[in-house]
Each structure stands twice: as C-alpha cells, then as structure tokens.
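> Here you go, sequence then predicted model.
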Amino acid sequence: MSTSNSRNISHSPYENGSDWRRARSILARSFYKELRSNGLGARQIVELSNELLQLVSSDVGEGKSNW
C-alpha cells in the first residue's frame, strides 16, 4: 500500500489489463479445483459464488470499493 496526501490508497498489482485477465483465470481455476477437491459440488460452488457476489455488491453499494 502506498500513501498519498496522508491517506492510504490501495493500488491493484494488476495495473495491466492483460495481466489481470490471466491472473483472474488462474485464480478462478485454482479456487474451483480447491473447492472441488474439498468435496463441494456444483450447487455448493454456485451458492458460494452467490455469497461472494452479494458481499462485493454490498461493498460497492456502501462505497467501500473502488469499483
């Protein structure tokens, strides 16, 4: 995290769009494989995904995210 004007500003390590596309694909596959290897089924993974989306939506709605 870097500091600017006495405020903490978080910068994404994925400033380059192509880096982020590659990273998110790798992260998603890795996360999915981990969930499957721990016994979660398709329905449970979809339910978990929904919970994650609700958390992000809540943060964006409350202005907690730099969408």
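Cool, the structure landed. Owing to the predicted nature of the structure, the values given are computational and were not obtained by experimental measurement. Numbers count the residues shown, from 1 in each chain.
> Which residue ranges of the chain form strands?
With strands called from DSSP state E, the chain shows them at 2-4, 7-9.
> rank those strands by pLDDT, which is bottom?
Among the strands of the chain, strand 2-4 carries the lowest mean pLDDT, a mean of 43.
> So for Tyr32, what's the pLDDT?
pLDDT, Tyr32: 98.
> got a list of what it touches?
Ile45 (Cβ atoms under 8 Å, 6 or more residues apart in numbering). Where you see a C-beta, it was placed from the backbone N, CA and C, and this is true even at glycine.
> Wait, Trp20 touches Tyr14, no?
Yes. Trp20 is in contact with Tyr14 according to Cβ atoms under 8 Å; the separation is 3.7 Å.
> could you measure Ala42 against Arg36, distance?
Between Ala42 and Arg36 the computed distance is 9 Å (Cβ to Cβ, to the nearest Å).
> ok, these two, which is more surrounded?
Legend: neighbour count by other Cβ atoms under 10 Å for Ala42 and Arg36, higher for Arg36 (13 against 9).
> For Glu51, see how far away that one is.
17 Å.
> and if you look at Glu62?
Glu62 is 17 Å from Glu51, by Cβ to Cβ.
> Next, count neighbours for Val56.
Around Val56 there are 13 other residues, counting by other Cβ under 10 Å.
> Check what pLDDT the nearest residue to it once chain neighbours are set aside gets.
Spatially, and ignoring its direct neighbours in sequence, Val56 is nearest to Ser65 (6.9 Å; Cβ to Cβ, 6 or more residues apart in numbering). The per-residue pLDDT reported for Ser65 equals 70.
> Just to check, Ser65 is in contact with Asp59?
Yes. Taking contacts as Cβ under 8 Å, Ser65 lies within contact range of Asp59: 4.3 Å.
> quick one: least confident helix or strand in the protein?
Among the helices and strands of the chain, strand 2-4 carries the lowest confidence by mean pLDDT, DSSP states H and E, at a mean of 43.
> Give the burial count for Asn38, as a bare number.
8.
> so how far is Pro13 from it?
27 Å.
> what does Arg22 give?
12 Å.
> Mind checking which of the two has more residues around it?
Arg22 (12 against 8).
> Please consider this matter closed, and thank you.
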